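Q: this one's sequence-less:
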């Protein structure tokens, strides 16, 4: 409006007032025909969409972007391996890396494995982490009971750093 000068707003204001009056006259003409609500409601929506096409476009663009994250939400199988967790990630999912030191920190605590009664046994674990939780775990050891215990213990861990991206980490003891 500032760029138009002093005379443009008056002319536009008069035209806007006339357009609003016409729009108000049309609204009462459409509303009294409520005997056929399905057809008229569709017509009303079509008319309002045409009038609001400029404001509807950004919301239409934001609508699909809001549904994409929920549509792209991975479904991890229960007790998944790291490979299964990686396969569950939809292609094109945004990647956000967590540094290895942060990822390994909760699983390198020896008290985590105390219920497993390690003794002199060793194991190697690879973990896939999504949103602060282990969604895939691979344990390598010769003792099957130890492998099950380590798997259970690692899956119970909650990482402080939570990102909706798959990160993997390995740890050996």
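A: Good, I have the coordinates. Keep in mind that what you see is a predicted model, and the values were worked out from it rather than measured. Residues are numbered from 1 along each chain as shown.
Q: buried ones in the host helix or strand of residue 86?
A: When elements are assigned from DSSP states H and E, residue 86 belongs to helix 82-88. For helix 82-88, a neighbour-count test (16 or more other CB atoms under 10 Å) marks 82, 85, 88 as buried. Placement of C-beta: from N, CA and C, glycine included.
Q: same question for stretch 87-106.
A: Quick answer for stretch 87-106 (16+ other CB under 10 Å): 88, 89, 93, 98, 103, 105, 106.
Q: can you give me the neighbour number for residue 124?
A: If you count neighbours by other CB atoms under 10 Å, residue 124 ends up with 13.
Q: ramachandran angles for it?
A: Note on residue 124: its backbone torsions stand at phi -130, psi 130 [degrees, to the nearest 10].
Q: that one against residue 142, yeah?
A: No: contact between residue 124 and residue 142 fails when scored by CB atoms under 8 Å: they sit 11.1 Å apart.
Q: sorry, back to before: what packs against the helix holding residue 86?
A: Applying 3 or more CB pairs under 8 Å, 6 or more residues apart in numbering; DSSP states H and E, one finds that helix 82-88 contacts strand 124-130, strand 133-140, strand 166-172.
Q: quick one: average pLDDT of the helix or strand just after that helix?
A: Taking DSSP H and E as the definition, the helix or strand that follows helix 82-88 towards the C-terminus is helix 100-104. Helix 100-104 shows a mean pLDDT of 94.
Q: can you list the weak-confidence ranges in the protein?
A: For the chain, the stretches with pLDDT under 70 are 1-72.
Q: per-domain residue ranges of it.
A: Listed domain ranges for the chain are 2-71, 82-172 (source: automatic domain parsing).
Q: what sits against residue 147?
A: Residues in contact with residue 147 (CB atoms under 8 Å, 6 or more residues apart in numbering) are 123, 139, 140, 141.
Q: mind running it again at 7 Å?
A: 123, 139, 141 (CB atoms under 7 Å, 6 or more residues apart in numbering).
Q: now for the first one: which residues touch it?
A: This points to residue 123. Residue 123 touches 139, 140, 141, 146, 147, 150, 173, counting by CB under 7 Å, 6+ apart.
Q: burial check on residue 172, number of neighbours?
A: Residue 172 has 10 neighbouring residues, counting by other CB under 10 Å.
Q: same check on residue 132?
A: Applying other CB under 10 Å, we find 15 residues neighbouring residue 132.
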